[in-house]
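Visitor: I would like to see how this sequence folds:
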Amino acid sequence: MSTDADEKTTRVTRKGQVTIPKELREEFGLEEGDELRWEKTEDGIQIRKATQSAGRGMLVDDDISEEKREEMAEEMEADIREKRRSEWQP
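Guide: Residues are numbered from 1 along each chain as shown. Next up is the predicted model:
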């Protein structure tokens, strides 16, 4: 991996896999099981964390605070990650 101040590079393996540098995983909250979206742009490829935030709160009562909604969503995401991890264990 090559590193400059704000630039990091990695290599693509034979299987098409890449490693996301630890600093970037931590900075952007990427964890095992998270999905990434690959987008073609005029400048090349852009990678974004795929979130399901668009549907957040759809099944929650209107009188629930935004803070509570976010807390509930984070708990659900943690549960999903844990389920994925347990399914991936040999």
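
Visitor: how far away is the residue lying farthest from the centre of the chain from residue 69?
Guide: No residue in the chain sits farther from the centre than residue 63, which is 28.9 Å out by Cα atoms, centre = their mean. Taking Cβ to Cβ, to the nearest Å as the measure, residue 63 falls 11 Å from residue 69. In short, each C-beta sits where N, CA and C put it, glycine included.

Visitor: residue 82 now?
Guide: Counting by Cβ to Cβ - residue 82 and residue 69 are separated by 21 Å.

Visitor: more neighbours, the two?
Guide: Here residue 82 and residue 69 are compared on neighbour count by other Cβ atoms under 10 Å; more neighbours surround residue 69, at 14 against 11.

Visitor: which regions of the chain sit below the pLDDT cut-off?
Guide: Counting by pLDDT under 70, the chain contains low-confidence residues at 1-5, 51-59, 89-90.

Visitor: what do you get if the cut-off is 50, keeping everything else the same?
Guide: Screening the chain residue by residue with the criterion pLDDT under 50, one finds the ranges 54.

Visitor: where do the helices sit along it?
Guide: With DSSP state H, the ranges of helices along the chain come out as 22-27, 66-88.
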